[in-house]
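Student: quick one, fold the following:
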Amino acid sequence: MRISCHCVVLVAGLLAAGEALGAPPAERTVLGDLRAAYGPYVREDAFGFAAKVSAMRGGAYKFWRGSKDDFFVWVKGQRPGWFTDAGTFVLQHADVHLGNTGSYLTEARGGTLAYGLVDFDDSASVPAGIEALECLITLRELAADKFIVQTREQAAAVDGAFAGAYREGLTSGKTANELLRDDPWVSEAMKKGGKAKAYGKMVEKMTSGGKFVAVKAGEMEGAPPKEILVPMTGADDPTAGEVAAGLAGMLAEQPALRGLFSVRSAAGLQGAIKDMGRRVHLTSAGSQGQEKYLVLLDKSAGTLGSDFVIYLKREIPTAAERAVGVKPTAANPAERLVRDAWALTDPAVGDYGWARVHGEDFLVTLHEPWTEDGDPDVVGTEADLVHAARVLGACAGASHGRAGAAAREALAGCCAGERFEELRGLADGYAGRLKERFAAFVGDPAVTALAEEAREAVEAFARAHG
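Tutor: Reported below is the predicted structural model:
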């Protein structure tokens, strides 16, 4: 059953997680921990929790990206003192990996891009070392995922590249855009900016006869679908009227997305909705299972010269909130994400809004063809890993350019001397834990059954709608 009250859900989730994590080892399973953390927030169907489980079986790197609650519980157990003094907490992205760097729009109608951190689902005010520790773990998992065998000296060089770039991002006064202006990976991602005609072409590819194409094929022939759009006809799905009312409320109170719309009333927006679909992005791991919707609106309601697509993504309490009770930076999880994103991007992200729809809180953005996330698949060698470390460090460090001097000093101190060596040791420790937990996860018959349920459902959907 779907529960709308975040307070009740959060308390229930934390109690369940506490019971699972505190149980004797023989009674615990990794799947049980995952269900305790995410179960209250995702649907118990093949495209919800089962799809998340299936995605996380794709490798330890994906498992790491999709199971951050255990990380926070483990860190607090290792360093409880970090969490006792809220005065040392600093607002951080709290989920930095290569896929959460990328280009982003600085204004909603597109064309102007910047580069930095993206996807602020788990942003939180947490102890200063959390972000750097996550990056060090990410680099270890990325090396393992790409079968890059490192000597101790090579591993130290990768960590050092991250630390140097992180400190420079914190202290140089430059944005990530400026720090990475000549980076070849970043230059490639920024090429799509300014191509206004690309929007109409994107919509043409996504639709047929004024309706969404339900199945987005994989990149290789015979590969599973990359994405599906499930018709929104169930009791748990918002209606067109609810979506329109949420968008109208957002547009009345928030300016960021107003320039996209020539129609802003609930009745007018409802009349302009041509199609809606529940988006299941099958390659995602971190937010897999959370409700995501694409809404196709007639061009008469917008300013882009074509039909346009709005993306709604349900936001939930962050991993730090769920796992260790860190206080949220805003009561509404979607508003928290947007305000944190504004604080952690420079220039600020320009196409984020939040709306209340069907009793839940959603991030609202323009679905567009211009931006591009970082791709872990570009990493194949030790040199690539060093390159990735520098990109992660520059983006994470520069995200704090508008923070106070004390916050920047605390963060910089995490990447030097004994404190940095402490973080490196913790990263090694948690990487070992991840290896064990992932092996237990993929070896669990219940995990296999859920993954099979998701696979069969996707294949059946593709046959019916392909």
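
Student: work out for me the element Pro328 sits within.
Tutor: Of the helices and strands defined by DSSP states H and E, none includes Pro328.

Student: tell me the pLDDT of it.
Tutor: Per-residue pLDDT puts Pro328 at 88.

Student: okay, strands next: where are they in the stretch 201-350 of the chain?
Tutor: Under the criterion DSSP state E, counting those that start in this stretch, the stretch 201-350 of the chain contains strands at 207-208, 211-212, 215-216, 227-231, 273-281, 292-297, 308-314.

Student: contacting residues for the residue nearest the centre of the chain?
Tutor: For the chain, the residue nearest the mean C-alpha position is Asp119 (4.4 Å; Cα atoms, centre = their mean). Contact analysis of Asp119 by Cβ atoms under 8 Å, 6 or more residues apart in numbering lists Asp95, Gly99, Asn100, Gly286, Asp373. For every residue, glycine as well, the C-beta is placed using N, CA and C.

Student: hmm, Val118 and the first one touching each other?
Tutor: No - Asp95 is not in contact with Val118 according to Cβ atoms under 8 Å; the separation is 10.5 Å.

Student: between the two, which one's more packed in?
Tutor: Between Asp95 and Val118, counting by other Cβ atoms under 10 Å, Asp95 is the more crowded of the two (25 against 20).

Student: and the next element down the chain from the helix or strand of the chain with the lowest mean pLDDT?
Tutor: Ranked by mean pLDDT, DSSP states H and E, the weakest helix or strand in the chain is helix 6-22, scoring a mean of 40. Using DSSP H and E, the helix or strand that follows helix 6-22 towards the C-terminus is helix 30-38.

Student: show me what that next one is packed against.
Tutor: Helices and strands touching helix 30-38, by 3 or more Cβ pairs under 8 Å, 6 or more residues apart in numbering; DSSP states H and E, are helix 6-22, helix 49-56, helix 68-78, helix 319-324, helix 417-442, helix 445-465.

Student: report how many residues lie close to Ser125.
Tutor: Ser125: 18 neighbours (other Cβ under 10 Å).

Student: quick check: it is in a strand.
Tutor: Yes - according to DSSP: H, G, I helix; E, B strand; the rest coil, Ser125 belongs to a strand.

Student: for it, what are its contacts?
Tutor: Taking Cβ under 8 Å, 6+ apart as the definition, contacts of Ser125 comprise Ala86, Phe89, Val90, Leu91, Gln92, Val326, Lys327, Thr329.

Student: that one - nearest residue in space that isn't next to it in sequence?
Tutor: Residue nearest to Ser125 in three dimensions, not counting chain neighbours: Phe89, with 4.5 Å by Cβ to Cβ, 6 or more residues apart in numbering.

Student: just list whatever residues bridge to that neighbour.
Tutor: For Phe89, the beta-bridge partners are Pro127 (DSSP bridges).

Student: still on that earlier bit, Asp145: which of the helices and strands packed on helix 30-38 is closest?
Tutor: For the helices and strands packed on helix 30-38, the distance to Asp145 is smallest for helix 417-442, at 10.9 Å, taking Cβ to Cβ.

Student: just the buried residues of that closest one, please?
Tutor: For helix 417-442, the neighbour count (16 or more other Cβ atoms under 10 Å) marks 419-420, 423-424, 426-427, 430-431, 434, 437-438, 441-442 as buried.
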